[in-house]
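Colleague: I'll drop the sequence and a predicted model, then ask my questions.
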Amino acid sequence: MHRNSVHNMILNESDSDDELEIVAVLKMEEESRSRRGSMQRRLFIRRNTLEGHQRLFLDYFAESPTYPPNVFRRRFRMNRSLFFRIHSTLKAHEPYFVQKRNGARVLGLSSYQKMTAALRMLAYGVAADFMDEYWLQFFTDEYLRSPNENDIVRLLTIGQSRGFPGMLGSIDCMHWKWKNCPTAWKGMYSGHINEPTIILEAVASYDLWIWHAFFGLPGSHNDINVLERSSVFTKLAEGRTPSVNYSINGNDYTMGYYLADGIYPQWSTFVKTIPSPQGNKRKHFATAQESARKDVERAFGVLQARFAIVRGPARSWERETLKNIMKACIILHNMIVEDERDVNEAEDYDYEQIDENPHVSVSHDHTTELMEFIRRHHRIRDRETHSQLQSDLVEHLWQLHSQS
């Protein structure tokens, strides 16, 4: 009140511009002080991280935890043994997962809390920033790779038991909606569903293991466009894959194949169904092919069921971040498949005693001759071999059906 009276007195008794300027400065300072006084201080929440770690440990990780194993698996998407294996690897190689003290010398989050947060980001679909990169760094070479010699033998054995000698899996594409796609890119990334999407091309086997993952092309592409840019047959064309030799209906073949739907081209490495089949043989083949081809679609469904972050629309603005998230989920998916493979397999296949197992050998030397590369490239796309292979499989499946 006193300050206001001083201001009024100066205004009434002075005609000087300097004095008017002084009054203006005084008013500005007073308003600034009043604003600072009315502002609330930032609320500080004292989070007891040690108590949170203790509750988490007793609930899930103690020798006699509060929650049983089935609850652990439902909430963490994996068994405790696999969780501990990943935990020990990350803690040993990544400093982020080591518990540290902050500037006030207070202990921060424990490694269990950090890994739990990372898994729940992927499993429940909340925002993920950096967590996905750690999975890629340590587990890509083992859990996102092409089949080795032993894998090939196992896949061929299972394929033969299902009536498809030479089958290595099934191939298909999945679209992931991109909610935060930049406006300038929406036309390029919008396809048949009229929303921006990013495509994942994958090869999956009977046990839902994903052997090949090619992610990142815009949703305006179809499966053939994705295939032309994919690396799924790169090693095969370069001669750096295990050789596969098998016979069907008296004809010899030297390359494995994937089951595919109708849009894929008529290559020797694909076996497609027969549209509108006529006759019992062709109808039986179409039913068997469409049934076995569901492996890759089942893999997509299980992947999205386990990790809600790839089931709902992608929220990140960066394509590289989305690639890391997708790869991290696939790696974790394969780790869970491996951990539970013995439990989930309905049949016990004796790989050592099956006489029809092909001899598998692999060359680790890079192909230097251009003509040899072109020859392999043409063999992959051979339409005649595709037609012959399909006809032989029709007869082979019908013979098995007749004998059963």
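Modeller: Arrived safely, thanks for sending.
Colleague: right, and Gly108 touches Tyr96 too?
Modeller: No. The criterion here is CB atoms under 8 Å, and Gly108 misses it with Tyr96 at 10.6 Å. From N, CA and C alone the C-beta is placed, and that goes for glycine too.
Colleague: how deep is Ile325 tucked in, by neighbour count?
Modeller: By other CB atoms under 10 Å, 27 other residues sit near Ile325.
Colleague: That one is in contact with Val310, isn't it?
Modeller: Yes. With contact defined as CB under 8 Å, Ile325 counts as touching Val310 (7.0 Å).
Colleague: What segments of the stretch 151-300 of the chain are helices?
Modeller: Assigned by DSSP state H, counting those that start in this stretch, the stretch 151-300 of the chain shows helices spanning 186-189, 223-229, 234-238, 280-292, 294-306.
Colleague: swap that for the stretch 301-404 of the chain, sorry
Modeller: Under DSSP H, counting those that start in this stretch, the stretch 301-404 of the chain gives helices at 319-344, 370-380, 383-403.
Colleague: now the first one against helix 294-306, angle please.
Modeller: Put plainly, it is helix 319-344. For helix 319-344 against helix 294-306, the angle by axes from the mean of the first three to the mean of the last three CA atoms, to 10 degrees is 110 degrees.
Colleague: what distance separates helix 319-344 from the middle of the whole chain?
Modeller: Distance, stretch centre to chain centre, for helix 319-344: 6 Å (CA atoms, centre = their mean, to the nearest Å).
Colleague: same thing with stretch 290-304?
Modeller: On CA atoms, centre = their mean, the centre of stretch 290-304 falls 14 Å from that of its chain.
Colleague: With just CA atoms, put it into CSV.
Modeller: Provided in CSV are the C-alpha atoms of stretch 290-304 (Å, rounded to 0.1, in the frame of the first residue of the first chain):
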residue,chain,number,x,y,z
GLU,A,290,-2.5,-74.4,-46.4
SER,A,291,-2.4,-76.2,-43.0
ALA,A,292,1.4,-76.3,-42.8
ARG,A,293,1.8,-72.8,-44.1
LYS,A,294,0.0,-71.5,-41.1
ASP,A,295,3.2,-71.8,-39.1
VAL,A,296,4.4,-68.3,-40.0
GLU,A,297,0.9,-66.8,-39.3
ARG,A,298,0.9,-68.5,-36.0
ALA,A,299,4.3,-67.1,-35.2
PHE,A,300,3.0,-63.6,-36.0
GLY,A,301,0.0,-64.1,-33.7
VAL,A,302,2.2,-65.4,-30.8
LEU,A,303,4.7,-62.6,-31.3
GLN,A,304,1.9,-60.0,-31.0
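Colleague: buried set for it?
Modeller: Neighbour-count burial for stretch 290-304, counted by 16 or more other CB atoms under 10 Å, picks out Ala292, Arg293, Asp295, Val296, Ala299, Phe300, Val302, Leu303, Gln304.
Colleague: which residues touch that stretch?
Modeller: With contact meaning CB atoms under 8 Å, 6 or more residues apart in numbering, stretch 290-304 is reached by 162-164, 167, 169-172, 174, 200, 202-206, 208-210, 259-261, 273, 310-311, 329-330, 333.
Colleague: hmm, which of the residues you listed are the buried ones?
Modeller: Among the contacts of stretch 290-304, those scoring as buried are 162-164, 167, 169-172, 174, 200, 202-206, 208-210, 259-261, 273, 310, 329-330, 333 (criterion: 16+ other CB under 10 Å).
Colleague: Please point out which parts of the helix or strand hosting Arg75 sit buried.
Modeller: In the assignment (DSSP states H and E), Arg75 maps to helix 69-76. By neighbour count on 16+ other CB under 10 Å, the buried set for helix 69-76 is Phe72, Arg73, Arg75, Phe76.
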